[in-house]
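Student: quick one: sequence plus predicted model below, questions after.
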Amino acid sequence: MSSETNAAVAANAARKRAGKYLTFVLAGEEYGLQILTVHEIIGMMPITRVPRTPHYIRGVVNLRGKVIPIVELRAKFAMDTVEDTAETCMIVVQLRNVQVGLLVDRVSEVIDIAETDVEDAPAFGSDLDTDFILGIAKSNGRVKLLLDIDRVLSLHEVKELGATTVSSDAAA
């Protein structure tokens with residue numbers, strides 16, 4: 001590809017990453033999800049553990065009659081897990097055809113990020129998968145990792161979550 005084509009592809013990618021984001025905190029770092037992927041934010045509620053699920057699945061909740069699997073993002077991102085606090089909450093998103101709750105330390109705010117404020121994720125070498133990072137935003141003097149929610153969990157992992165929901169529905 002020519003340098004002009006590469007520049008056009010990069011500009012198009014930056015435009016797609018611009019927009020409104022729900023920001024949240026994990027282990028003191030700020031992350032963002034495109035607001036259109038967020039269904040709702042709910043406070044902590046009783047979580048039922050499901051045996052033989054991956055370590056990052058905290059369990060399932062009954063949200064208005066619908067069983068929703070809960071992914072503990074700290075565990076998924078190989079961070080130390082901590083006790084829930086009064087600020088711990090769940091962000092409900094749609095991953096392909098499965099509704100999932102993402103357990104986060106706290107929700108910050110909804111911000112508007114301009115395309116000029118988003119950069120590509122740095123390359124850390126072939127051993128490290130950063131495909132789930134949509135970009136890195138600079139906002140209010142802070143850096144926020146923008147997540148591509150469809151890549152945070154692989155297709156196989158989402159299918160496992162769907163199976164967890166079905167087995168939990170059948171048991172109810």
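Tutor: Nice, I can see it.
Student: state the pLDDT value of the residue nearest in space to the middle of the chain.
Tutor: What sits nearest the mean C-alpha location of the chain, by Cα atoms, centre = their mean, is Ile149, with 4.7 Å. Looking at Ile149, its pLDDT is 87.
Student: again with the one 10 residues further on
Tutor: Lys159 is assigned a pLDDT of 70 by the prediction.
Student: so it sits in a strand?
Tutor: No - with DSSP: H, G, I helix; E, B strand; the rest coil as the criterion, Lys159 is located in helix rather than a strand.
Student: roughly how far does the residue nearest to the residue nearest to the centre of the chain when sequence neighbours are not counted sit from Ile57?
Tutor: Spatially, and ignoring its direct neighbours in sequence, Ile149 is nearest to Thr37 (4.8 Å; Cβ to Cβ, 6 or more residues apart in numbering). Placement of C-beta: from N, CA and C, glycine included. Distance, Thr37 to Ile57, by Cβ to Cβ, to the nearest Å: 19 Å.
Student: so these two - more neighbours on which side?
Tutor: Ranked by neighbour count (other Cβ atoms under 10 Å), Thr37 and Ile57 place Ile57 first, with 22 against 17.
Student: poorly predicted segments of the chain, please.
Tutor: 1-15, 123-130, 155, 158, 162-172 (pLDDT under 70).
Student: cheers, nothing more for now.
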